[in-house]
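Trainee: Whatever this is, show me its structure:
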Amino acid sequence: PNTAVDNDIHLLDEVYGKNGWRIEVRHATVEYENYEEESGLWQVGVSVVARLSATEPGPFGMGAHDDIGVGWIQRADRDLARNDAFRFARLKARKRLCTYFYGVADERVVERAKNA
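Mentor: Here you go, the predicted model:
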């Protein structure tokens with residue numbers, strides 16, 4: 001694995017197997033949108049609620065866990081600003097969910113998966 005996201009996916013695959021887990025966005029909203037005349041940029045802030053769940057019972061009996069990710073960005077194009085802000089917020093939510101998972105998973109399993 002080369003990136004933090006790859007590491008997250010690898011760890012979840014190691015514990016639950018491929019297709020044994022999923023992360024889904026449960027809610028997404030634009031918190032604010034401002035156009036700054038001076039700079040000509042749209043400033044957009046968003047939030048997403050995402051859920052990490054096992055598709056089948058795993059070794060830790062994980063049901064589901066929800067967490068939030070927030071993102072903001074400035075772009076000249078309003079739609080591009082929204083899309084990029086949502087992409088960033090989804091990544092932040094995913095990272096928070098995986099951090100939660102690391103906290104409840106058996107330490108030996110986490111270390112084995114990280115070193116595989």
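
Trainee: Roughly how far does the residue of the chain most remote from its centre sit from L80?
Mentor: The C-alpha centroid of the chain is most remote from E38, which lies 33.2 Å away (CA atoms, centre = their mean). Using CB to CB, to the nearest Å, E38 is found at 19 Å from L80. In this view, the C-beta of every residue, glycine as well, is placed from N, C-alpha and C.

Trainee: Look up which helix or strand A50 falls in, please.
Mentor: strand 41-54 (DSSP states H and E).

Trainee: Strand partners (parallel or antiparallel) of that strand?
Mentor: strand 21-36 (antiparallel), strand 64-75 (antiparallel) (DSSP bridges).

Trainee: do you know which of those strands lies nearest T55?
Mentor: strand 21-36 (6.1 Å; CB to CB).

Trainee: Leaving out sequence neighbours, find the closest residue to T55.
Mentor: G20 (5.6 Å; CB to CB, 6 or more residues apart in numbering).

Trainee: Next: V30.
Mentor: V30's closest residue in space is V46 (CB to CB, 6+ apart), at 5.4 Å.

Trainee: Looking at the chain, which helix is longest?
Mentor: Ordering each helix of the chain by length in residues (DSSP state H) puts helix 78-104 first.

Trainee: Report all helices and strands that that helix contacts.
Mentor: helix 4-16, strand 21-36, strand 41-54, strand 64-75 (3 or more CB pairs under 8 Å, 6 or more residues apart in numbering; DSSP states H and E).
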